[in-house]
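Novice: Sequence isn't available, so here's the structure alone:
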C-alpha cells in the first residue's frame, strides 16, 4: 500500500481545508461524497458535512435502544437545527489546489449527496438523500417528515454554482427510499436512476426511476423484488456495450440484467465482492466494466471484460485492494484518458472527525494490471500495484 499512501491526497477534512463552522458541524465530512468533471475541465467534489454517520436535525426522536447503540459508536448530542448539509469544493488544476468549501444545499432536514452526474449538454444532476429526524420507529412522530428518508434531484446549468430545489422522487415503498449511485443515460437520451426502498416489513426492494426531459421530471419505471426474500440494497446501473443494463447490489453482489431499458430484470449470478458496499462503475471504450467499491472493509477495485459474468480478483479471490487503510464508501468518475478519479472518506475517530481523499487509477492496455497513478503532488511515473502483475481479468 506504499504507492496508495504516496499518491492519495486529502482534499477536505476536519484538519485540512475544513468547512467554516456552522450549527451542526462537528468535524465529520464524507460518507456521502461524489465528483464530476465539469464542461470547462474543472473537478467538482460534493460531500456531506455534519457531526456523525447520521447527522440528524435537532430535536430528533430516536428509539432508546437505537440511540444507546449509536452513542457507543460515536454519536453525540449536538445542536444541529438543520442537521448535516451538502457542501462542495472545486479544483481548476486537476487536483493540485482546491477551493474553500461552500454550501450547496441545506434543507430543513439532514441532507447528503448520493450521486452526481454530468449530462452531455454540461448540466449536472445531483441526487440528494434527505434524512428525517426520527429513527428506530415504525411511523413518523407528529410534526416530522412523514417518511424516514427520501431522494430528490437537483439540477445545475452553470457548473454547480447555482442549483434548483430538489424534485422528490416517487416513493416505491411507504417507509423510506435511499440511494448511492450515479445516473445512467440511455442512447435515446432517457436518464435512469436506481434506488432502494423499505416496505412495512423491513425488506429492501429495488426501484428504477426514469426522466425523459434531462432530469426535470421523473416517473417510477419499475420495482425490483427478489424471489428469495433477500434485500436488494444500494443498486447501481451500468449500460453495457451490447445494450443491456446491468444492476449490481449490496451486500451479496447480486448481478441482474435488463434487456428492455430497465422495465424488467433477471437475477443472473453473484460477483465475488461480498460483502459489497457503495460501489460505482464505469465502462471503458473496449467495453471493460470497472467497479470500485468498499468490500471486506476497505476500498477495492475489480473489472470485467465479459459484461459482468466474471471479474478480476487477487490471489485470495477478492477484488484488488486500492487503499487498504480506509473504508472508502467511494464516489468518482471516468476521465478522458480512461483513468478513474475516486473520492472517498476515512471513517476515522468514530466518524466524528473525518476527511475526504482522492486517488486515481487505471487499467493497463492488456487489462491485466491495476496502476495507481500519481497524485497532484507526486512524480510522473505510475507504478503497478504489488501482487497484480500477472492478474488476468477472468481470474
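Specialist: Right, received. Where do you want to start? Just so it is clear, the model here is predicted, and its values are computed rather than measured.

Novice: Give me the phi and psi angles of residue 67.
Specialist: Per-residue torsions, residue 67: phi -60, psi -40 (degrees, to the nearest 10).

Novice: doesn't residue 75 make contact with it?
Specialist: Yes: the pair residue 67 / residue 75 is scored as a contact, 7.4 Å apart, by CB atoms under 8 Å. Where you see a C-beta, it was placed from the backbone N, CA and C, and this is true even at glycine.

Novice: quick one: which of the two has more around it?
Specialist: For residue 67 versus residue 75, neighbours defined as other CB atoms under 10 Å are more numerous around residue 75 (22 against 16).

Novice: Now do the contacts for the more buried one.
Specialist: 52-54, 67 (CB atoms under 8 Å, 6 or more residues apart in numbering).

Novice: Kindly recompute the last result at 7 Å.
Specialist: Residue 75 makes contact with residue 52 under the criterion CB atoms under 7 Å, 6 or more residues apart in numbering.

Novice: Over to it. Which of the three states is it?
Specialist: With DSSP: H, G, I helix; E, B strand; the rest coil as the basis, residue 75 sits in coil.

Novice: so how far is residue 140 from residue 149?
Specialist: According to CB to CB, to the nearest Å, residue 149 and residue 140 sit 11 Å apart.

Novice: do residue 24 as well
Specialist: 21 Å.

Novice: same question, residue 295
Specialist: Counting by CB to CB, the gap from residue 295 to residue 140 is 34 Å.

Novice: cool, and residue 72?
Specialist: On the measure of CB to CB, residue 72 and residue 140 end up 25 Å apart.

Novice: So if I had to pick from the two, which one is more boxed in?
Specialist: Taking other CB under 10 Å, residue 72 and residue 140 do not tie; residue 140 has more neighbours (16 against 9).

Novice: can you give me phi and psi for that one?
Specialist: Dihedral pair for residue 140: phi -70, psi 140, per degrees, to the nearest 10.

Novice: Return the residues in contact with it.
Specialist: So residue 140 contacts 132, 134, 146 (CB under 7 Å, 6+ apart).

Novice: While we're on the nearest residue to the first one once chain neighbours are set aside, how confident is the model there?
Specialist: Computed as CB to CB, 6 or more residues apart in numbering, the closest residue to residue 132 that is not its neighbour in sequence is residue 145, at 3.8 Å. Predicted confidence (pLDDT) at residue 145: the value is 95.

Novice: How many neighbouring residues does residue 145 have?
Specialist: Applying other CB under 10 Å, we find 18 residues neighbouring residue 145.

Novice: same deal with residue 46?
Specialist: 28.

Novice: which residues sit in contact with the nearest residue to residue 102 once chain neighbours are set aside?
Specialist: Closest residue to residue 102 apart from its sequence neighbours, by CB to CB, 6+ apart: residue 88 at 6.0 Å. Under the criterion of CB under 7 Å, 6+ apart, the neighbours of residue 88 are 44-46, 101-102, 104, 160.

Novice: Could you do residue 60 as well?
Specialist: Taking CB under 7 Å, 6+ apart as the contact definition, residue 60 lies against 133-134.

Novice: Let's see that with 8 Å instead.
Specialist: Here residue 60 is in contact with 133-135 (CB under 8 Å, 6+ apart).

Novice: Equivalent analysis for residue 42, please.
Specialist: Counted by CB under 8 Å, 6+ apart, residue 42 has contacts 90-92, 159.

Novice: and if we set it to 10 Å?
Specialist: If you count contacts by CB atoms under 10 Å, 6 or more residues apart in numbering, residue 42 has them with 36, 90-94, 99, 159-160.

Novice: follow-up on the earlier one: nearest to residue 171 among the contacts of residue 60?
Specialist: Closest to residue 171 out of the contacts of residue 60 is residue 134 (16.3 Å), distances taken as CB to CB.

Novice: neighbours of the closest one, just the number please.
Specialist: Other residues lying near residue 134 total 18 when counted by other CB under 10 Å.

Novice: Isn't it up against residue 148?
Specialist: Yes: Residue 134 lies in contact with residue 148 (CB atoms under 10 Å); the separation is 6.9 Å.

Novice: Is the residue of the chain positioned farthest from its centre in a helix, a strand, or coil?
Specialist: Most distant residue from the mean C-alpha position of the chain: residue 142, 31.7 Å away (CA atoms, centre = their mean). Classification of residue 142 using three-state DSSP returns coil.

Novice: Ok, the one 5 residues further on next?
Specialist: Remark: residue 147 carries the secondary structure label coil [criterion: three-state DSSP].

Novice: Now do it against residue 224, distance only.
Specialist: Relative to residue 224, and taking CB to CB, residue 147 is found at 20 Å.

Novice: which of the two has more neighbours?
Specialist: Each of residue 147 and residue 224 has its neighbours counted (other CB under 10 Å); residue 224 has more, 21 against 18.
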